[in-house]
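1. Predicted model and sequence follow; I will ask about them next.
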Amino acid sequence: MTWVNQNSIELLKKYMGQSISDSQKISFFILSGPQGIWKSQIAQDLVKQEIWQFFHNDFLHIKDFSDKLWKTHELKVEYKENNPTSKEIFDNYWYEDLWTREINHRLNISPTWKFRVVLIENIERMNASAMNAFLKTCEEPLPNRIILATTSNKSKILDTILSRAIVIPFFECSYDELQDYCNSHSLFKKAPKLKDISCFMSMWKIWVLNRFDEIFSEVEDLRAELANVDPKNEKVIKTLTEKLSQAEELNQQFANIIQILSSDDFSQKYSSLSAIAKKWFIDQFLDWLIFYYVQHGEFENAQKWIEIKKVSSTNIKIDNLLFYALI
């Protein structure tokens, strides 16, 4: 992962090293850049390198679960199932709401070893009162404390907060960087024909590219599984054959998505877009459609999909949204 945004990573590593060697150095860093480029993962990996043996005790990760909760929030933190105040988002994944005061309190607790670190995802989602409550912690940080935060829109952060932080810019990957990433991580070995369009449709985000590789590798995985099934087990063979047929059809629709979008066949467009959208992440999919139409000067179509994106977070089913958009 360190092959991309390498300059930004080295800069953050340098500043963190200074904070670790001299506790009086500025210890509040904001990683600013688009969503989906692994800013939080990069920060977490760097912290692990420095305090790995005490990571679980001295590191607090405030996670953004908006995409799981279908609504924006102030702050969430991953928590354990045995905590009676925690809530289950999906299978075996729990969270607990934290107030800014509680975060400040946890920062005040002495570290197990030498440093206590907090990472706050999308700090711009703290409201004004929460940011003001957090301001004192940023203004007068205790020794041996490091505060890391990520943001995809630093204009929404209070100027008083920004002025206390070292802001480190992160950038989306270029098409060539995505190609290099695929090659260095052996992505799309099972579906080489889909690598180029995946790099394009990922909208320059690595996590989407990895998800594509998982989806499109399913065909070869199912074929291998089917080849090893006992020929007498007709039920399993039937199930795997049906799954394989669906996976092959999805890969074919994805490979031909440009031609499908240009087609006048409503039924084909609807079934293909529906299958792809259900397997993919709807926000990312809509972003790509908007980008595609803007790039080709089809602004009326682009505006139509922008309107669809505005209502995509409601309870309207994706099938209905696509049907409405296509008519």
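-> Received, thanks. Residues are numbered from 1 along each chain as shown.
2. quick one, helices of the stretch 151-300 of the chain?
-> Under the criterion DSSP state H, counting those that start in this stretch, the stretch 151-300 of the chain contains helices at 159-162, 175-184, 195-201, 206-216, 218-227, 234-255, 257-262, 266-279, 282-295, 299-311.
3. Please point out which parts of the shortest one sit buried.
-> When burial is assessed from 16 or more other Cβ atoms under 10 Å, helix 159-162 yields the following buried residues: 161-162. Any C-beta I mention is one placed from the backbone N, CA and C, and that applies to glycine too.
4. What of the last one?
-> Going by neighbour count (16+ other Cβ under 10 Å), the buried part of helix 299-311 is 301-302, 304-306, 308-309.
5. now the fourth one
-> Of all the residues in helix 206-216, those buried under the rule 16+ other Cβ under 10 Å are 206, 208-213, 215-216.
6. Columns pLDDT and distance to Tyr292 on top of those, output as CSV?
-> Formatted as CSV, those follow (pLDDT from 0 to 100; distance: Cβ to Cβ, whole Å):
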residue, pLDDT, distance to Tyr292
Ile206, 79, 20
Val208, 82, 15
Leu209, 85, 17
Asn210, 86, 21
Arg211, 85, 19
Phe212, 89, 16
Asp213, 91, 21
Ile215, 88, 19
Phe216, 89, 19
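7. just to revisit the earlier point, if we take the buried residues of helix 299-311, which one ends up nearest to Lys156?
-> Among the buried residues of helix 299-311, Lys309 lies closest to Lys156 (Cβ to Cβ), at 19.6 Å.
8. Find the nearest non-adjacent residue to that closest one, please.
-> The shortest distance from Lys309 to any non-neighbouring residue, by Cβ to Cβ, 6 or more residues apart in numbering, is to Leu286 (4.4 Å).
9. can you pull the contacts of that neighbour?
-> Contact analysis of Leu286 by Cβ atoms under 8 Å, 6 or more residues apart in numbering lists 305, 308-309, 312.
10. Pop the domain breakdown of the chain in here.
-> 6-169, 175-326 (automatic domain parsing).
11. Trp288 is in contact with Met201, isn't it?
-> Yes: at 5.1 Å, Trp288 and Met201 qualify as touching, with contact defined as Cβ atoms under 8 Å.
12. what about those two, which has more around it?
-> Applying other Cβ atoms under 10 Å to Trp288 and Met201 shows that Met201 carries more neighbours, namely 23 against 19.
13. so what's the more buried one up against?
-> 208, 212, 257, 288.
14. And the residue nearest in space to the middle of the chain, how close does it get to His56?
-> Centroid check for the chain by Cα atoms, centre = their mean gives Gly36 as the closest residue, at 4.1 Å. Distance, Gly36 to His56, using Cβ to Cβ, to the nearest Å: 27 Å.
15. residues touching the closest residue to Tyr175 other than its chain neighbours, list them.
-> Once flanking residues are discounted, Tyr175 sits nearest to Cys199: 5.8 Å by Cβ to Cβ, 6+ apart. In this structure, Cys199 makes contact with 175, 178-179, 182, 209, judged by Cβ under 8 Å, 6+ apart.
16. any chance of those in JSON lines, with distance to Ser274 too?
-> Shown next, in JSON lines, are those (distance: Cβ to Cβ, whole Å):
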{"residue": "Tyr175", "distance to Ser274": "28"}
{"residue": "Leu178", "distance to Ser274": "26"}
{"residue": "Gln179", "distance to Ser274": "29"}
{"residue": "Cys182", "distance to Ser274": "27"}
{"residue": "Leu209", "distance to Ser274": "22"}
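17. For PyMOL, write a command that selects the buried ones of the residues you listed.
-> In PyMOL, this line selects whichever of the contacts of Cys199 come out buried by 16+ other Cβ under 10 Å:
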select buried, resi 178+182+209
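18. among the domains of the chain, which gets the worst mean confidence?
-> Among the domains of the chain, domain 6-169 carries the lowest mean pLDDT, a mean of 79.
19. Return the distance of that one from the chain's centre.
-> Taking Cα atoms, centre = their mean, to the nearest Å, one finds the center of domain 6-169 at 16 Å from the center of the full chain.
20. Number the residues from 452 up from this point.
-> Fine by me, first position is 452 from now on; the one you just mentioned is domain 457-620.
21. Compute the first-to-last residue distance for it.
-> Distance between the two ends of domain 457-620: 11 Å, counting by Cα to Cα, to the nearest Å.
22. cool, and stretch 703-720?
-> First residue to last in stretch 703-720 (Cα to Cα) measures 13 Å.
23. Need the contact partners of that stretch.
-> By Cβ under 8 Å, 6+ apart, the residues outside stretch 703-720 that reach it are 644-645, 648, 652, 667, 723-724, 726-727, 740, 743, 777-778.
24. Tell me the helices and strands packed up against whatever helix or strand Leu462 lives in.
-> In this structure, Leu462 sits in helix 457-472 according to DSSP states H and E. Packing partners of helix 457-472 (3 or more Cβ pairs under 8 Å, 6 or more residues apart in numbering; DSSP states H and E): strand 479-483, helix 490-502, strand 596-602, strand 617-620.
25. Among those, which comes closest to Leu586?
-> Checking the helices and strands packed on helix 457-472 against Leu586 by Cβ to Cβ gives strand 479-483 as the closest, at 10.8 Å.
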